[in-house]
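**Q** could you look at this predicted model? Sequence included:
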Amino acid sequence: MQVPGLVRGKLLVWVAALAVALAALGLALALWLPGPLALAPPKGARNVSTRVTVRATLRRAPAAGDELALLLDPPAEGVLRIEGRELVFTPSAALAPDTTYTARVPALGFSWRFTTAPRRVLYLAPGAQDVWQLYLLDLDGGAPVQLTREPWGVRDYAVSPDGDTIAYAAEREDGGHDLWLSARDGAGLRLLLACPGASCREAAWRPDGQGLIYERHEGGQPALWTVTLDGEAAPLLWQGEPMAAAAPRLSADGRWLAALDAATEQMLLYDLASGEGDLIPGQTGVPAAWHPWRNALLMSHVYWLGESFGKRLLLADLEEGELRLITGEDETALPLVEDIHAAWSPDGEWIAFARRSTLRGAAAPRQIWLVDAQGGELRQLAQDARIHHGAPQWSPDGQLLLYGRYHWEQPDGPAALGVFELASGAQRLLPAAGSWPAWLP
């Protein structure tokens, strides 16, 4: 039986209207369901920082009674915050390198995957025309990758707390330095702060990653300044004057600044909240090392025996209000040594540092040592009297120690990089020649 044309037309109109209604219902349902609008890291992302914060932005804010969790597989402990429509999961420790993670929100029925970056190292080395540039090395293999091509070179650099951004001081033709930012792979390069007539360098990131504190050298003594990621700079003031200090280091909560007083080389502790500060007596000359999460820092404390001097590691615990030696209970005890470049393990249980003998003023190559956080057990890692070892750097997972090295009898020779594998005690050289290494998490 044939359907009359008029009826057929009405039927088509009805079907079209139904389709529109169903589409509108589907759109309304999709907008009502609290599924994801955006994910970070994105689905399938690779080379993700092991210090990543995992985020899911929902279509609508969860209801008060929703029991939400954001879980990682392999499992990782952390803290979940709900900020409006956003679920924010901050792992308590660095994630494992070169590992594929599945992030799940079971209550809402969605998940996604991302893969963390392999172990990577940043360092400075001479490039073309012997100009120092920033390089990246994958510890699992491959040739070094040059990240910067500054015409006058790179002086120093610092990696942001989340591992996604590198700040560095680029030299100008006049000998000054400007501050630049780049992504972890060297892309997205932008000028953060131009410093005409001055040298802006040795920047330290704020723990929230929203700005830096840096040294500004302009004429006489260095002064500490702050700069936001928008490039707004201002001097830090202490007792109404610009803070004449160097080597800024910030506590984990961002409240306390430790720096070296420019006039005395004593350690200056400065409360950024109150604007008040004080000096810890005794010269140090070496930057502080803050505990991973407590308001406690390590510094090198100078002491004298006759005409010879040494340095021991001193703990300044702001929470307990105490000062105590970590390496050696008695500064007058022999051997006379210089302990510097302290670095806390990520779990806060161990301290790596560089030590050398200074008995009767004689200098010796620095070796790498470990001491437990209470100042008890001492363990020497490096025992090669021909090699001078630089500042040790813990890997984010606490399994490796990175350091620079050069031959003691050839201080002007090529510098090298090495790592200690703490579980086995094995030591290996990296296929790179350079200095001032740091982990890219």
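**A** In hand now; what should we look at?
**Q** quick check: phi and psi on P222?
**A** Backbone torsions for P222, taken as degrees, to the nearest 10, come to phi -70, psi 150.
**Q** separation between it and D271?
**A** Using C-beta to C-beta, to the nearest Å, P222 is found at 21 Å from D271. In short, each C-beta sits where N, CA and C put it, glycine included.
**Q** so for the two, which residue has more residues nearby?
**A** Regarding P222 and D271, a neighbour count based on other C-beta atoms under 10 Å identifies P222 as having more, with 23 against 14.
**Q** isn't the more buried one right up against M243?
**A** No - here P222 does not reach M243: they are 9.3 Å apart, not a contact under C-beta atoms under 8 Å.
**Q** what residue ranges in the stretch 251-400 of the chain score low on pLDDT?
**A** 329-334, 360-362 (pLDDT under 70).
**Q** the strands in the stretch 251-400 of the chain, which residues?
**A** Secondary structure of the stretch 251-400 of the chain, counting by DSSP state E, counting those that start in this stretch: strands at 256-261, 266-271, 276-283, 289-290, 296-305, 308-317, 322-325, 337-344, 350-357, 367-372, 378-380, 387-389, 393-394, 400-407.
**Q** specify the beta-bridge partners of L314.
**A** Under the criterion DSSP bridges, L314 forms beta bridges with M299, L325.
**Q** no no, R55
**A** Beta-bridge partners of R55, as defined by DSSP bridges: A40, V88.
**Q** so it touches E83, yeah?
**A** No - at 9.2 Å, R55 does not count as touching E83 under the criterion of C-beta under 8 Å.
**Q** those two - which one has more neighbours?
**A** Taking neighbours as other C-beta under 10 Å, R55 and E83 compare with R55 leading, 19 against 10.
**Q** how about the strands of the stretch 251-400 of the chain in JSON lines, adding distance to L71?
**A** Shown next, in JSON lines, are the strands of the stretch 251-400 of the chain (distance: least, C-beta to C-beta, whole Å):
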{"stretch": "strand 256-261", "distance to L71": "34"}
{"stretch": "strand 266-271", "distance to L71": "38"}
{"stretch": "strand 276-283", "distance to L71": "43"}
{"stretch": "strand 289-290", "distance to L71": "31"}
{"stretch": "strand 296-305", "distance to L71": "32"}
{"stretch": "strand 308-317", "distance to L71": "36"}
{"stretch": "strand 322-325", "distance to L71": "40"}
{"stretch": "strand 337-344", "distance to L71": "29"}
{"stretch": "strand 350-357", "distance to L71": "30"}
{"stretch": "strand 367-372", "distance to L71": "33"}
{"stretch": "strand 378-380", "distance to L71": "37"}
{"stretch": "strand 387-389", "distance to L71": "41"}
{"stretch": "strand 393-394", "distance to L71": "27"}
{"stretch": "strand 400-407", "distance to L71": "28"}
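**Q** most tightly packed of those?
**A** Of all the strands of the stretch 251-400 of the chain, strand 256-261 has the most neighbours on average by mean count of other C-beta atoms under 10 Å, namely a mean of 24.
**Q** how far off centre is it?
**A** Computed by C-alpha atoms, centre = their mean, to the nearest Å, the chain-centroid distance of strand 256-261 equals 18 Å.
**Q** pull up the pairing partners for that strand, direction included.
**A** Sheet pairing for strand 256-261, assigned by DSSP bridges, gives strand 245-250 (antiparallel), strand 266-271 (antiparallel).
**Q** who's in contact with it?
**A** Strand 256-261 has contacts (C-beta atoms under 8 Å, 6 or more residues apart in numbering) with 213, 224, 236, 243-251, 266-272, 279, 284-288, 290, 295, 297, 299, 318.
**Q** who's in contact with the most centrally placed residue in the chain?
**A** Closest to where the C-alpha atoms of the chain average out (C-alpha atoms, centre = their mean) is P161, at 4.1 Å. Counting by C-beta under 8 Å, 6+ apart, P161 makes contact with 51, 205, 207-209.
**Q** quick check: closest non-adjacent residue to it.
**A** G209 (5.0 Å; C-beta to C-beta, 6 or more residues apart in numbering).
**Q** can you verify my assumption that the one you found contacts G163?
**A** No - counting by C-beta under 8 Å, G209 does not reach G163; the two are 9.7 Å apart.
**Q** what about these two, which has more around it?
**A** Neighbours were counted for G209 and for G163 using other C-beta under 10 Å; G163 has more, 22 against 15.
**Q** mind checking which helix or strand the more buried one is in?
**A** Taking DSSP states H and E as the definition, one finds G163 inside no helix or strand.
**Q** surely it touches W205?
**A** No - the pair G163 / W205 is not scored as a contact, 10.7 Å apart, by C-beta under 8 Å.
**Q** tally of neighbours for R81?
**A** 12.
**Q** if it is in a bridge, with which residues?
**A** Bridge pairing for R81 - DSSP bridges - gives V88.
**Q** report pLDDT for it.
**A** Here the pLDDT value assigned to R81 is 94.
**Q** for P75, see how far away it is.
**A** Taken as C-beta to C-beta, the span from R81 to P75 is 19 Å.
**Q** likewise G197?
**A** According to C-beta to C-beta, G197 stands 53 Å off from P75.
**Q** do the same with S160
**A** Separation of S160 from P75 (C-beta to C-beta) stands at 26 Å.
**Q** between the two, who's got more neighbours?
**A** Neighbours of S160 and P75, each counted by other C-beta under 10 Å, are more numerous for S160; the result is 22 against 8.
**Q** I'd guessed that one sits against W205; true?
**A** Yes - using C-beta under 8 Å, S160 is in contact with W205, at 5.2 Å.
**Q** between those two, what contacts are shared?
**A** In contact with both S160 and W205: A167, using C-beta under 8 Å, 6+ apart.
**Q** isn't F420 right up against R405?
**A** No - contact criterion C-beta under 8 Å: F420 and R405 do not qualify, at 11.2 Å.
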